[in-house]
Each structure stands twice: as C-alpha cells, then as structure tokens.
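J.: Turn this into a structure:
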Amino acid sequence: MMSTRTLAILIFNEVEVLDFCGPFEVFSVANKFTHSLAFNVLTVAENISPITARGGLSVNPHHDLASCPQPDLLLVPGGYGTRKVMHNPTVIDWIKQVSSKAELILSVCTGSLVLAKASLLDGLETTTHQGAIEELRQVAPKSVIHTDRRFVDNGSVVCSAGIAAGIDMSLHIVGRLLGQDVAVKTAQYMEYPWPIG
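T.: I've put the predicted structure just below:
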C-alpha cells in the first residue's frame, strides 16, 4: 500500500491564482487514479486569516506556518506577492526549515525568486515567468536559468515557468511519483494536453 504524501502549497496575498490552483487540481485529481490516497493537498499561509489572491479572489488557507504538518512536497507559487514574501524572514526561514526534510521542493512562475532567497537554487538549473528572467538572474546568480523550458527538474528541486506551466510540472511530478499512466489519466480527466511535444 502506498503511503500518502503531504503536499503543502504556500499561498500569500497577490499569489497568482492558476499558479497554485493548477497544481492543486492536478495532485487532487491524481488521487482518483490510485488505490489509496496518494496526496494530501493543503494550503499554508503565514497566518490563518484569508489571503487575497490575484484578481481579488479570497482564499482560506488550511494551515498557518506553525500548524502546517511537515510537507513531503512543498510548492511555492508565484505572482506579484512574491516580491514581498521573498523579503519576509519568517516565511523564508520556514521554507528553509521544512525543505530540509521534504522529498521535493517545487516552484511555479516567480516562486523561484522565493526559493532563490531561501538559497535553494544555488548550483541548480531553474526557470521562471518570461517577464521575471532578469530579476531571477539577479537573485540567483549561482543558478543556470533556462528561458525556453516549461519546467526544469533537478531531482529534489523542480521549477516551472509562468502560470500554466505549473500544470505541466505537476503532471510531470505525478508521473515521476506514481507512473506515467496516472499522469496521463489525470491530464485526460482535466482535458489538458499531456504529454506535450
């Protein structure tokens, strides 16, 4: 029997909606195609109060940083709010702490800026939203930055490009962890073209 992995998705004010909802959907739907619960998908924010995502969407996080169970997978999405989060020592310290015990660290879009501030991209390959490439070069000078890839898999750290690319990355991770058949069935259920290329 497979063990359930906890996937914690960090959310914050001005988070890009599809950055976190796309992966949330992928990992949640993947559970349909496994005999036991593969992923316990939850959201976590600095505080338990609602956050306001891009476009004014109000979201209630499942946990605050203090109550969040240790994630097996940590996903940091992007959005304009990353510019504030990347300078928030409370959040950065939490990311450093939980990432040291996590199986996988994932970023979508400008979530890579946050991972860079947590010193998790040094010596690795990465990517981000096309509009934030130069910003990532400044924050992650020790990283190899790809401008033409939907996602970059370093093994324990996987980064995707902007917004919808987080869905591609999430399907890739489902395939890695549960097999390509589950990833394909998940994509078909979502009516999302996969694999691409």
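
J.: in the protein, which spans are helices?
T.: Ranges of helices within the chain are 17-30, 82-85, 89-99, 111-117, 133-139, 165-178, 180-190, based on DSSP state H.

J.: Compile these into JSON lines and extend it with columns for mean pLDDT, distance to residue 37 and mean neighbour count.
T.: The way it works is simple: take the backbone N, C-alpha and C, and place the C-beta from them, glycine included. Below are the helices of the chain laid out as JSON lines (pLDDT from 0 to 100; distance: least, CB to CB, whole Å; neighbours: other CB atoms under 10 Å):
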{"stretch": "helix 17-30", "mean pLDDT": "98", "distance to residue 37": "10", "mean neighbour count": "23"}
{"stretch": "helix 82-85", "mean pLDDT": "97", "distance to residue 37": "29", "mean neighbour count": "20"}
{"stretch": "helix 89-99", "mean pLDDT": "98", "distance to residue 37": "21", "mean neighbour count": "16"}
{"stretch": "helix 111-117", "mean pLDDT": "98", "distance to residue 37": "25", "mean neighbour count": "27"}
{"stretch": "helix 133-139", "mean pLDDT": "96", "distance to residue 37": "35", "mean neighbour count": "15"}
{"stretch": "helix 165-178", "mean pLDDT": "97", "distance to residue 37": "12", "mean neighbour count": "24"}
{"stretch": "helix 180-190", "mean pLDDT": "96", "distance to residue 37": "13", "mean neighbour count": "18"}
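
J.: if we compare those, which one ends up closest to residue 69?
T.: helix 89-99 (9.5 Å; CB to CB).

J.: Would you confirm that residue 182 contacts residue 176?
T.: No - if you go by CB atoms under 8 Å, residue 182 and residue 176 don't touch, sitting 10.3 Å apart.

J.: that older thread, of the helices of the chain, which approaches residue 127 most closely?
T.: Here helix 111-117 is closest among those (CB to CB), at 7.0 Å.

J.: In contact with the residue most central in space within the chain, which residues are there?
T.: Taking CA atoms, centre = their mean as the criterion, residue 75 is the residue nearest the geometric centre of the chain, at 2.8 Å. Residue 75 sits next to 7, 8, 9, 10, 20, 23, 106, 107, 108, 111 when contact means CB atoms under 8 Å, 6 or more residues apart in numbering.

J.: That concludes my questions; thank you for your assistance.
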